[in-house]
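In: build me a structure from this.
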Amino acid sequence: MHIADDIAAIHEHRDSRLCVLAGNTDDELSTEASAVLNLTLPTHHPSPRRPLVSVIGDQISVALLVLDGERTQHTLHIHTSDRGLLVIGDDKALKTISRHLSVDSDEDAWSVLVGLILIVARRCEEALEEIDDECQELESQAVGYASSPRRRSMGRLRAELFRIGETQAAQKNLLSADEELAQSLGEDQQRLIARAATAFGANHSMTTRLYAMLGDVLNEQDSVVSERLTLVATIFLPLTLATGFFGMNFQWMLDRLGSLPGFIIFGLVVPGLLTVATLFFIRRLTRTS
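Out: Down below sits the predicted model:
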């Protein structure tokens, strides 16, 4: 099998099995490849929200989502027949798989298809390892009180992890032994499909773990914010009480608290002592609980 990414290469190896890599906007290359490989393509290539598998006669069409290091998922359409494969995707998706794609001259199209699925699973695993490092860094930086922008970054990353995890789980389910893709392949390819399903399952487990870890960090941050707000409210509680009490214009107070020593004692010293006593009581209560 030969790898081709232009029309000249297709014509040069048209009598051999081909693996054609075409961009989403390269309709001319896709049309020529489908004619040479006896493939029936849909009239358009919408980006599915979830992975898909279609088996029509001797043609298998698979839509997978490739994850890159920027946490972006790129759709990859793989159309396969006995004559070869047509792989359609954007530049980043094709670049991601082409670096690791290698085929033997006598390798059949179905083995290459399964190999491509394994490449997608491993590339997703590598991208998730980078996300894991980012999550560990965010967790280490969130010790104590984290700023609002950092908490928002963790929230956005957590939402992206949920979306990625759903995609990995869907791709794992497509490769199960009971699905039509595995049923359409031979025993050797089914064993490789099972390995790919295991890899996607491990990716889903990693996203679940990272999602839960960020959730714990955000919950801890909420507790820190609540504790600090409670502390501020506790500080102002005795001050508010003293202000309210001494703000009442009783004649007895007006007659006896009009001097400077009275203001210092009852206006400053007493509220300060009440504040210190309240903080000491709260700290003692927190330690004992």
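
In: which residues are in contact with the helix or strand hosting residue 273?
Out: Per DSSP states H and E, residue 273 falls inside helix 270-288. For helix 270-288, the external contacting residues (Cβ atoms under 8 Å, 6 or more residues apart in numbering) are 231, 234-235, 237-239, 241-243. (Each C-beta comes from the backbone N, C-alpha and C, glycine too.)

In: tally of neighbours for residue 169?
Out: Using other Cβ atoms under 10 Å, residue 169 is surrounded by 19 other residues.

In: ignore the last one, residue 262
Out: If you count neighbours by other Cβ under 10 Å, residue 262 ends up with 13.

In: please apply the same query to the one 4 residues further on.
Out: Applying other Cβ under 10 Å, we find 16 other residues in the vicinity of residue 266.

In: return the set of buried residues in stretch 232-244.
Out: By 16 or more other Cβ atoms under 10 Å, the buried positions in stretch 232-244 come out as 238, 242.

In: that one - what's its average pLDDT?
Out: The average pLDDT within stretch 232-244 is 76.

In: same thing with stretch 266-273?
Out: pLDDT averaged over stretch 266-273 gives 77.

In: export it to CSV, keeping only CA atoms.
Out: Extracted as CSV, the C-alpha positions of stretch 266-273 are listed here (Å, rounded to 0.1, in the frame of the first residue of the first chain):
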residue,chain,number,x,y,z
PHE,A,266,-16.1,53.1,75.0
GLY,A,267,-15.6,54.1,71.4
LEU,A,268,-12.2,52.5,70.7
VAL,A,269,-11.0,50.2,73.5
VAL,A,270,-14.3,48.3,74.2
PRO,A,271,-15.0,47.5,70.4
GLY,A,272,-11.4,46.5,69.9
LEU,A,273,-11.5,44.1,72.9
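
In: which positions within that stretch qualify as buried?
Out: Neighbour-count burial for stretch 266-273 flags 266, 271 (criterion: 16+ other Cβ under 10 Å).

In: and stretch 31-46, by the same measure?
Out: Those would be 32-34, 36-37, 39, 41, 45, for stretch 31-46 by 16+ other Cβ under 10 Å.

In: can you list those in JSON lines and add distance to residue 63?
Out: Output for the buried residues of stretch 31-46, formatted as JSON lines (distance: Cβ to Cβ, whole Å):
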{"residue": "32", "distance to residue 63": "21"}
{"residue": "33", "distance to residue 63": "17"}
{"residue": "34", "distance to residue 63": "16"}
{"residue": "36", "distance to residue 63": "22"}
{"residue": "37", "distance to residue 63": "18"}
{"residue": "39", "distance to residue 63": "14"}
{"residue": "41", "distance to residue 63": "13"}
{"residue": "45", "distance to residue 63": "9"}
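
In: which secondary structure element contains the residue positioned nearest the centre of the chain?
Out: Centrality entry for the chain: nearest residue to the mean C-alpha point is residue 161, 2.4 Å, by Cα atoms, centre = their mean. Residue 161 is part of helix 148-174 when elements are defined by DSSP H and E.

In: how about the helices of the protein, start to end?
Out: Using DSSP state H, the helices of the chain run over 7-12, 27-36, 91-98, 109-141, 148-174, 180-183, 187-246, 251-256, 260-262, 270-288.
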